[in-house]
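**Student:** Requesting a structural model of the entry that follows:
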Amino acid sequence: MTSREQQILELIREDPMLPQQAIAARLGISRSAVAGHIMNLTNKGLIKGRGYVLSDAPFVTVIGGANIDIHGKSSKALRAHDSNPGTVHTAAGGVARNVAENLARLGVDCRLISAVGNDQHGEMLMRLSREAGIDVRYVHEFASLPTSTYLSVVDNTGDMQVAIADMGIIDELSAERLRPQQAMLERSALLVLDTNLPDDTLAWLTGMFAERTIFADTVSTTKAVRLEPYLSSIHTLKTSRTEAEALTGLEARTQAQLRRLADHLHSRGVARVFVTRGDQGVFYSTGNRYGVEKPRGTKREVLNAGGAGDAFLAGLAYAWLADLPLDKTLSFALAAADITVSHPATNNPALTLSAVNRAIEAQHAR
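**Tutor:** Residues are numbered from 1 along each chain as shown. Have a look, this model is predicted:
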């Protein structure tokens, strides 16, 4: 869809009976040009019949960080304060962008709101995101700032040891810049956000769309606390043990502690809590049901665990859209994460709906 077609579609959403001449006047183009665009939209199946009846399929909007990942892996046990032999590669990343890519690979219509610079890394991010199937029309470009970069180092087992994030550009993704996308956000079947976003944007999103279903990822221990004032608007929270501790100020080492932590989050309004714990599985709580679930079946070789949490959240989002019960939701999300860690990059191009279903079937066959 072209940008002009998108503008016309937005006007039609606001008023399905808007005459073509009025559309032309609003956009400063001729009526005949409007007619041509409407014919194209009809041919694409986006509108049909008189009165411009819209034929939207459900879509998810993911809001947050997009960056270039520079990933280094030591070939032996990592030694601090020394040069370690290993491999280094560059790929598209960022929590929100990763979630969006995984959803797109699972066949979900996914729109990304993020920020990139007008530079080589920004061009790479946009190209790779399009190739993965993400709708990037709502990604904001800034000429004066560099695209975010995330540098991570993992040991020879695939576990991350340290990372540095240069993500100043995301602070430009203010509530004011997102307001033009309000109509699109209101139509989203699900909103997924990460805590890379600045505070005013988190406040606007969780306030303006409090009645919508919002999933959130706490990203890191440093950024997890940003979500604390807005927990009442969060339906599903995906976090790690250390991030959960930073967010709540409570310990989360034992199952009893995790349950108390989850009860605290439920008391603040969060409906579902998922705490990822690496090879110890995931702790989950819905208020009246809680427990620990681990991946089943043959354990895959972990080549990069950095994207496991993002794939898990994408799996949760897919399962929500598919209205799966909790047990199948956990199986689906864990299978998506398991497939992801078997690839050297943060995201695995082999992640598809059929691949996840095959993994689940293999688990239950054992």
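**Student:** Low-confidence stretches in the protein?
**Tutor:** 1, 44-45, 48-56, 297-299, 365-366 (pLDDT under 70).
**Student:** what about the helices in it?
**Tutor:** 3-14, 20-27, 31-43, 95-105, 120-132, 175-178, 182-187, 199-208, 221-224, 241-248, 255-267, 308-321, 326-341, 353-365 (DSSP state H).
**Student:** can you give me the angle the fifth one makes with helix 95-105?
**Tutor:** With axes from the mean of the first three to the mean of the last three C-alpha atoms, to 10 degrees as the basis, helix 120-132 and helix 95-105 are set at 30 degrees to each other.
**Student:** Now helix 120-132: buried residues?
**Tutor:** For helix 120-132, the neighbour count (16 or more other C-beta atoms under 10 Å) marks 121, 122, 124, 125, 126, 128, 129, 132 as buried. The C-beta positions use only the backbone N, C-alpha and C, and glycine is treated the same way.
**Student:** Over to the longest one?
**Tutor:** By neighbour count, with 16+ other C-beta under 10 Å as the criterion, the buried positions of helix 326-341 are 329-341.
**Student:** Max pairwise distance over those: which two?
**Tutor:** Largest separation among the buried residues of helix 326-341 by C-beta to C-beta: 329 and 341, giving 19.2 Å.
**Student:** picking up where we left off before, dump the buried residues of helix 120-132 to TSV, plus distance to residue 115.
**Tutor:** Below are these laid out as TSV (distance: C-beta to C-beta, whole Å):
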residue	distance to residue 115
121	12
122	9
124	15
125	10
126	11
128	16
129	13
132	18
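**Student:** Of those, which is the nearest to residue 19?
**Tutor:** Distances from residue 19 to these, taken by C-beta to C-beta, are shortest for residue 126, at 35.8 Å.
**Student:** out of everything not next to it in sequence, what's closest to that closest one?
**Tutor:** residue 136 (5.7 Å; C-beta to C-beta, 6 or more residues apart in numbering).
**Student:** which residues does the one you found contact?
**Tutor:** By C-beta atoms under 8 Å, 6 or more residues apart in numbering, the residues touching residue 136 are 112, 126, 129, 130.
**Student:** want to try JSON lines for those, with distance to residue 354 as columns?
**Tutor:** Listed next are the contacts of residue 136 as JSON lines, based on distance: C-beta to C-beta, whole Å:
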{"residue": "112", "distance to residue 354": "24"}
{"residue": "126", "distance to residue 354": "27"}
{"residue": "129", "distance to residue 354": "22"}
{"residue": "130", "distance to residue 354": "22"}
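**Student:** Surely residue 128 is in contact with residue 93?
**Tutor:** No - assessed by C-beta atoms under 8 Å, residue 128 is found out of contact with residue 93, at 9.7 Å.
**Student:** if we can go back for a sec, okay, the helices of the chain, which one's buried deepest?
**Tutor:** With neighbours taken as mean count of other C-beta atoms under 10 Å, those reach their highest mean count in helix 95-105, at a mean of 30.
**Student:** Now do it: everything it contacts.
**Tutor:** Helix 95-105 has contacts (C-beta under 8 Å, 6+ apart) with 60, 62-67, 92, 110-114, 125, 129, 132-134, 192-194, 196, 217, 219, 307, 309-311, 313-315, 317-318, 336, 340, 346-347, 349, 351-352.
**Student:** hmm, 6 Å instead?
**Tutor:** If you take C-beta atoms under 6 Å, 6 or more residues apart in numbering as the criterion, helix 95-105 is touched by 60, 62, 64-66, 110, 112, 114, 132-134, 192, 194, 217, 219, 307, 310-311, 313-314, 347, 351-352.
**Student:** Now residue 69. Nearest residue, chain neighbours left out?
**Tutor:** Spatial nearest neighbour of residue 69, excluding adjacent residues (C-beta to C-beta, 6+ apart): residue 93 at 3.3 Å.
**Student:** Could you check how far that neighbour is from residue 70?
**Tutor:** For residue 93, the distance to residue 70 equals 9 Å [C-beta to C-beta, to the nearest Å].
**Student:** Which one's more surrounded, the two?
**Tutor:** Shown here are residue 93 and residue 70; by other C-beta atoms under 10 Å, residue 93 has more neighbours (27 against 17).
**Student:** How much space separates the residue nearest to residue 126 from residue 197?
**Tutor:** Note on residue 136: its distance to residue 197, by C-beta to C-beta, is 17 Å.
**Student:** One more: residue 141?
**Tutor:** In this view, residue 141 and residue 197 are 17 Å apart by C-beta to C-beta.
**Student:** No further questions, thank you.
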